[in-house]
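Asks: Need a 3D model of the following:
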Amino acid sequence: MSLSPQRSLLGRWLCAIALLIPSVVSADNFTVDGIHYVTTGNNTVAVTAGSTKYSGSVAIPSDVRANNQTYAVTSIGDQAFVNCGDLTSVTIPNSVTLIGTLAFSGCSDLTSVTIPNTVISFGEGVFVKCSGLTTVTLSSTLAAVPSRTFEGCSALTSVVIPGSAISIGDDAFFNCSALTSVTIPNSVTKIGANAFTACTGLTTLTIPKSVTSIDDYAFSGCSSLKELYCAAKMPPTCGFAVFEEVDTTTCVLLVPSESYDAYGKAAQWADFTNRVGYDFEGEEEPGTSGLESINSRILPTEIYDLQGRRVAQPRQGLYIVNGKTVKL
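Replies: Prediction:
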């Protein structure tokens, strides 16, 4: 019994559609050299998670060829490397402009990362609980440090926030207990809630003159803080308990000399009983002058401690030299 022409034509169409469906799916998701990708545009892809976890050293290429087409790798997707506990290093190419939410969260063996200057945006929590991460080089074009970026990075010792960033998000450095050095540029205007909570390794910190607001608990639990430089001529507005567990009776607060009285009247700033007027204009990086640099000039004849007592042989610390507060 022969089929009618109409039924035969319909059968051929159904077969053609069935053959096309697998090729469409494979074009959206594919794996090359152990790295999984998903298409994000006609000729762009994002690195994504696959059926197996990444491990060892992973070098992401700037472009990849699949399905008879070359794709530019422009992003790292949400949770792409999440909980890849055996990942030890990752190389990110200059083609990447975006790193998604929780992209490297839980990569406990990852020790260092360099973010290329092409990356302008992070999702939240990119490096949450990367407990082995000690150093990170951030992109010089990063627009902000989003919420939870380094939360729980307990081995991170230092970080330089780029001059392109305008804010530090909530919990950005929460519980980074080994953090001893953080550079906040004169572009940041806001420091989010719990941004540096429980950073118990911080002993010295400079808040640049651009900062206008600091949210709740931003520096709570920074119990080792001994010197706090705030270059803002108008005391930044503080949320609730910004300096909780900071010993405001021993931590020295250095503020612009002309703003000394203003800080003495401002909420939470007035809690610092050891407040000192400081010449921020005369030093490119507050708190970085040293005894050697002073000795290289004509040694001043009068050096006093912060209590006004003359010091003949100063050790490392804060002193008043020729009427100005300096760090020796």
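Asks: hey, where'd the strands end up in the stretch 201-328 of the chain?
Replies: Assigned by DSSP state E, counting those that start in this stretch, the strands in the stretch 201-328 of the chain fall at 204-207, 213-214, 227-230, 237-238, 252-256, 275-278, 303-304, 318-321, 324-327.
Asks: Which other helices and strands does the fifth one contact?
Replies: The elements that strand 252-256 packs onto, with contact taken as 3 or more C-beta pairs under 8 Å, 6 or more residues apart in numbering; DSSP states H and E, are strand 227-230, strand 275-278. All C-beta atoms are positioned from the backbone trio N, CA, C, and that covers glycine.
Asks: same question, the third one
Replies: Helices and strands touching strand 227-230, by 3+ C-beta pairs under 8 Å, 6+ apart, are strand 204-207, strand 252-256.
Asks: what about the first one, distance to the chain center?
Replies: Read that as strand 204-207. Taking C-alpha atoms, centre = their mean, to the nearest Å, the mean C-alpha location of strand 204-207 is offset from the chain mean by 16 Å.
Asks: Give me the contact list for that strand.
Replies: 182-184, 191, 196, 214, 219, 222, 225-232, 236, 285-287 (C-beta atoms under 8 Å, 6 or more residues apart in numbering).
Asks: mind redoing it with 7 Å?
Replies: Residues outside strand 204-207 that contact it (C-beta atoms under 7 Å, 6 or more residues apart in numbering) are Val182, Ile184, Leu225, Lys226, Glu227, Leu228, Tyr229, Cys230, Ala231, Ala232, Pro286, Gly287.
Asks: Strands along the stretch 51-200 of the chain, start to end?
Replies: 56-59, 63-66, 69-76, 87-91, 98-99, 112-114, 121-122, 135-137, 158-160, 167-168, 181-183, 190-191.
Asks: Would you mind giving the helices and strands packed on strand 252-256 as CSV with mean pLDDT and mean neighbour count added?
Replies: Output for these, formatted as CSV (pLDDT from 0 to 100; neighbours: other C-beta atoms under 10 Å):
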stretch, mean pLDDT, mean neighbour count
strand 227-230, 96, 23
strand 275-278, 92, 20
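Asks: Including distance to Gly34, could those strands go into JSON lines?
Replies: Shown next, in JSON lines, are these (distance: least, C-beta to C-beta, whole Å):
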{"stretch": "strand 227-230", "distance to Gly34": "47"}
{"stretch": "strand 275-278", "distance to Gly34": "54"}
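Asks: Tell me the spacing between Ser139 and Thr118.
Replies: 7 Å (C-beta to C-beta, to the nearest Å).
Asks: Pick out whichever of these two has more residues nearby.
Replies: Remark: of Ser139 and Thr118, Ser139 carries more neighbours, 22 against 17, as counted by other C-beta atoms under 10 Å.
Asks: okay but that one is in contact with Val113, surely?
Replies: No. Counting by C-beta atoms under 7 Å, Ser139 does not reach Val113; the two are 10.9 Å apart.
Asks: In contact with Phe150, which residues?
Replies: Phe127, Leu156, Ala172, Phe173, Cys176.
Asks: any idea how far the third one is from Ile184?
Replies: This means Ala172. 11 Å.
Asks: Likewise for the fourth one?
Replies: Distance check for Phe173 against Ile184: by C-beta to C-beta, it reads 11 Å.
Asks: got the strands of the stretch 51-200 of the chain as a markdown table, with mean neighbour count columns?
Replies: Shown next, in a markdown table, are the strands of the stretch 51-200 of the chain (neighbours: other C-beta atoms under 10 Å):
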| stretch | mean neighbour count |
| --- | --- |
| strand 56-59 | 13 |
| strand 63-66 | 15 |
| strand 69-76 | 19 |
| strand 87-91 | 17 |
| strand 98-99 | 22 |
| strand 112-114 | 16 |
| strand 121-122 | 20 |
| strand 135-137 | 16 |
| strand 158-160 | 16 |
| strand 167-168 | 24 |
| strand 181-183 | 16 |
| strand 190-191 | 23 |
